[in-house]
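In: coords please:
(2 chains)
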Amino acid sequence: MTIALDRPVSVRFRRPRGLGVAAASGFLLLAFAAAVTPGLFAGDPLAADPLHVLEPPSAAHWFGTDQLGRDVFDRVVHGARHSLSIGIAATLVAAGLGVLLGLLAGLSHRYADEALSRGFDALAAFPLLLLALLFVAVAGPGTVGLIVAIGIATLPHYARVVRSQTFVVRQAGYVTQAVAFGDSRTRLVLRHVLPNVIGPIPVLAVIGLGEAILAAAGLSFLGMGPQPPSPEWGAMLSEGRGYLSIAWWTSILPGVVVTLLVISLTVVGRRLQRRFEGRTA
Amino acid sequence: MRHRLWLAAAASLALLAGCSSSGGTATDAGAPVSGGSLSWAVETEPITLNPHQYAQAKARLLVWNNFEALLTHDDKGGYVPWLATGYEVSPDGKTYTVKLRTGVTFSDGTKFDAAAVKANVDQLLADGYAPTVAAVQLKNLKNVEVVDPATIKYNLKQPDVLILDFLSSPQGAVVSPKSLKEAKNLKAGGPELAGTGPFILDKYTPGQELHYVKNPNYNWAPANAGHTGPAYLDEVTYRFLKESSVRVGALTSGQVQVIEGVPATDQAQITANPQLTLSKGLNSGSAYSYYFNTSHAPFDDIRVRQAFRDALDVDTVLQGVYRGTATRAWSVISPTSPLYDSSLEKTYGNDAAKANATLDAAGWSTRDAEGYRTKDGKRLTARLVQSAPFVRDRRDILAQAVQAAVKQSAGIDLKVSVVDQGTATKAIEDNQYEIFDNSRADTDAGAALNLLLRSDGAINRTGVQDTQLDSLLAAGEAGGDRVKTYGEIQQKVIAKDALIQPLYAPADQIASSKAVGGLGFEPTAGVPGNAYNVWLSK
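Out: All right, here's what the predicted structure looks like:
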């Protein structure tokens, strides 16, 4: 390592980083393809075969079979749809609500802004999983409850960014001029403020998607997500944990896939963030 | 090798046990010794610690540590006096006179006598206290009479042999009349309820453990208890470890010396370990079965009930989930019961072609996009709501296996959910279920059937209202040729009316360190016994 000190570090590490991003993007592509057309890659995730339960990975069953003799690989592939759709929907809820509330706070007078901001602080003060658990307890387990819970729990990320951007933008010359031209309030917000504050949101959302998928898997693990026999990754981890000592593949392999997906999303998200940093600041 | 050595070292350190690891089973623990403290990991945390409110077979081994009943069972379904010294039945079968043991005291110092027994019966009959016991087990009881301090008379409205089963059941356990009066939370029970048992419940930490200490004055064990005098152990702690893999891990790492509820998939691991031993007992009572709710569609149609049973290959499903360790049930009564009707074996089920033909004929002939059968646009759905505190033996996994099987073979949509007790009760009350799952470890199967099949049965979840069935059940409890009567009942509910899908005979498994001796199963009931006769070799 010491010999690298006399050279710019970025030169030395550029190539591995590019490789990482390529691998991550490739994995993401695969995951999205699996989510869109799981039937193309895998068989029926619900087909149980009681005579072949808990069989280790083999040529016939790449990821082995679970406690009901279902193919773990088939379930992992089909699980991509559950996990990604929950993750994306939750992220959309969070980003949508976050932008709306952040904009509202940024444009409001002192008291309303204060109230909203303290609301974001309160939401952000609790760990994501705990907060989501609370909302699931109210909304009830299942896919919709999960989406709403994770969406609300993660909205402060987006709201805070949008609020601070709004402060910058509302003092910009073009906004002052638009006000001088007598633009209506609606036109002002939609035409001038909004397009200039949501710049960082897509990048935040890519990183947030990883977090949302992880939270969804975590809540499903606790039984708060899609109910059996749905092939959801968190639920698979939970079902497999009773067999960990004799059949590690039933929970380890879905766990590896979740980990890879979240890492990939973070790698790609960070790369995008670096790329757009100059433009959005 | 290193792993095994480490385990051996950990086990012997934790147990201070210098036992050899040569062959043999519990005898490795040598002759009984007094003293020591045992940790026992159990699967189920009791809903209540009041024996009168007892509802979980898995709680039975706890009840008998600090409470006792008037009678207990021998291993042939007969009765042995416990807090009684004997009983007499009048020729008309309507009066049971029970002679009580003298010199027995509750752990709070109160004297045990006929008045104490009567106070318990009065409490059981009090409004809203134990409605199931009052409505079922004591429904034929007219009154109890204190003849003298050592004699009590049970006067019945009509002959009922099941009263003896009540006198030997946890609900019939005798609680100190002082605690019945003074306990702040009587229904929940706990250390404030005093009993006469060989142990005293010292501390209850919800979600964690129950801690019992020896009752040094105990000297009234029943004749078949294995020894007399106080218990061998000074202390016994039952830790609630819900996860089977955690229980097995706690045993192999020496954190506990005994576990119960050993899943089939982990049994090989136990038997392969020279430090451990595994024993199994089949429960009496009713088999673990699915009860079809006949009060509404789709199971109001007998053809759908028959088709469900034909769609299911129980043997294959059990093989998959339990790896050949489960005993298949063919009747609602467990095969260990003397009342079991073996002629039902291999008379139904596992005929997918027949199931599909029957469902076509019953109008469920169309299929939706997911492959489920439909009728008038409605899917053939059956909801099974499992209450988490009652899920044992991986019954949730079994349900998923059944779910997959009936979908694959006949397009039936079995919806399974595991919920908390309150939600489960609400689903039942609102009639929002099509299948109810249950097994009962009643020592007399007749007591279980009274609850499950009578028109007014407390857990009649099939909704069956059948006067013929009611009169058969009444004849069964009155005595006479009970094998014949209960045979007719089983023929009716299983073969003729297809009200029930029996699955397996519940069993209990105990795995323990070989330093532990005296572990066993309760005679007749077949569930793990209490800790009275258990010792820990030094």
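In: make it CA atoms for all contacts and neighbour counts henceforth
Out: Noted.
In: and the helix or strand B:G446 falls within, what does it pack onto?
Out: Under the assignment given by DSSP states H and E, the secondary-structure element containing B:G446 is helix B:445-453. Helices and strands in packing contact with helix B:445-453 are listed as helix B:162-167, strand B:286-292, helix B:467-478; criterion 3 or more C-alpha pairs under 8 Å, 6 or more residues apart in numbering or on different chains; DSSP states H and E.
In: same thing but at 7 Å, please
Out: On a contact count with 3 or more C-alpha pairs under 7 Å, 6 or more residues apart in numbering or on different chains; DSSP states H and E, helix B:445-453 meets no helix or strand.
In: any idea of the mean pLDDT for stretch B:42-62?
Out: Stretch B:42-62 shows a mean pLDDT of 92 in the predicted model.
In: Return the distance of it from the chain's centre.
Out: In terms of C-alpha atoms, centre = their mean, to the nearest Å, the gap separating the centre of stretch B:42-62 from the centre of its chain is 9 Å.
In: Please apply the same query to stretch A:264-278.
Out: The chain centre lies 14 Å from the centre of stretch A:264-278; the measure is C-alpha atoms, centre = their mean.
In: Go ahead and name everything in contact with it.
Out: Taking contacts as C-alpha atoms under 7 Å, 6 or more residues apart in numbering or on different chains, the residues outside stretch A:264-278 that touch it are A:V21, A:A24, A:S25, A:L28, A:V203, A:V206, A:I207, A:G210.
In: hmm, 8 Å instead?
Out: Taking C-alpha atoms under 8 Å, 6 or more residues apart in numbering or on different chains as the criterion, the residues outside stretch A:264-278 that touch it are A:20-21, A:23-25, A:27-28, A:203-204, A:206-207, A:209-210.
In: cool, stretch B:89-102 as well?
Out: Around stretch B:89-102, the neighbours that count as contacts under C-alpha under 8 Å, 6+ apart are B:70, B:83-88, B:112-114, B:150-161.
In: so how far is the first residue of it from its last?
Out: The first and last residues of stretch B:89-102 sit 21 Å apart, counting by C-alpha to C-alpha, to the nearest Å.
In: Now it: average pLDDT?
Out: Confidence over stretch B:89-102 (mean pLDDT, whole number) is 95.
In: Which of the residues in that stretch are classified as buried?
Out: When neighbours are counted by 16 or more other C-alpha atoms under 10 Å in any protein chain shown, the buried residues of stretch B:89-102 are found to be B:G93, B:K94, B:T95, B:Y96, B:T97, B:V98, B:K99, B:L100, B:R101, B:T102.
In: Of these, which belong to strands?
Out: With strands defined by DSSP state E, the entries of these inside them are B:T95, B:Y96, B:T97, B:V98, B:K99, B:L100.
In: if I look at the last one, how far off is B:S107?
Out: Read it as B:L100. Following C-alpha to C-alpha, the distance that separates B:L100 from B:S107 is 18 Å.
In: thinking again about what came up before, among the contacts of stretch A:264-278, name the buried ones.
Out: For those, a neighbour count by 16+ other C-alpha under 10 Å gives the buried set as A:V21, A:A24, A:S25, A:F27, A:L28, A:V203, A:L204, A:V206, A:I207, A:L209, A:G210.
In: Give me the subset of these lying in helices.
Out: Secondary structure defined by DSSP state H assigns A:V21, A:A24, A:S25, A:F27, A:L28, A:V203, A:L204, A:V206, A:I207, A:L209, A:G210 of the buried ones among the contacts of stretch A:264-278 to helices.
In: Put together a markdown table for the residues you listed, with pLDDT on each row.
Out: Shown next, in a markdown table, are those (pLDDT from 0 to 100):
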| residue | pLDDT |
| --- | --- |
| A:V21 | 88 |
| A:A24 | 89 |
| A:S25 | 91 |
| A:F27 | 91 |
| A:L28 | 91 |
| A:V203 | 88 |
| A:L204 | 90 |
| A:V206 | 91 |
| A:I207 | 88 |
| A:L209 | 93 |
| A:G210 | 92 |
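In: how about stretch A:211-229, does it reach chain B?
Out: Yes. Using C-alpha under 8 Å from any C-alpha of the partner chain, stretch A:211-229 comes into contact with chain B via A:Q227, A:P228, A:P229.
In: of all the ones in strands among the buried residues of stretch B:89-102, which two lie farthest apart?
Out: Spatial extent of these (C-alpha to C-alpha) is set by the pair B:T95 and B:L100 at 15.8 Å.
In: how about residue 229, what does it touch?
Out: No chain in the question, so chain A it is. With C-alpha under 8 Å, 6+ apart, A:P229 has these contacts: A:L46, B:Q400.
In: try chain B instead
Out: Going by C-alpha under 8 Å, 6+ apart, B:G229 touches B:Y218, B:N219, B:W220, B:A221.
In: restrict those residues to those near chain A?
Out: Filtering the contacts of B:G229 for proximity to chain A (criterion: C-alpha under 8 Å from any C-alpha) leaves nothing.
In: List only buried entries from those.
Out: The neighbour-count criterion (16+ other C-alpha under 10 Å) marks B:Y218, B:N219, B:W220, B:A221 among the contacts of B:G229 as buried.
In: Quick check: B:R454 vs A:V179, distance?
Out: 81 Å.
In: Looking at these two, which has the bigger crowd around it?
Out: Of the pair B:R454 and A:V179, B:R454 is the one with more neighbours under other C-alpha atoms under 10 Å in any protein chain shown, namely 24 against 13.
In: For chain A, see how far away the closest residue to that one other than its chain neighbours is.
Out: Here the nearest residue to B:R454 in space, its sequence neighbours aside, is B:D470; by C-alpha to C-alpha, 6 or more residues apart in numbering or on different chains that works out to 5.4 Å. Here the distance between B:D470 and chain A works out to 38 Å (C-alpha to the nearest C-alpha, to the nearest Å).
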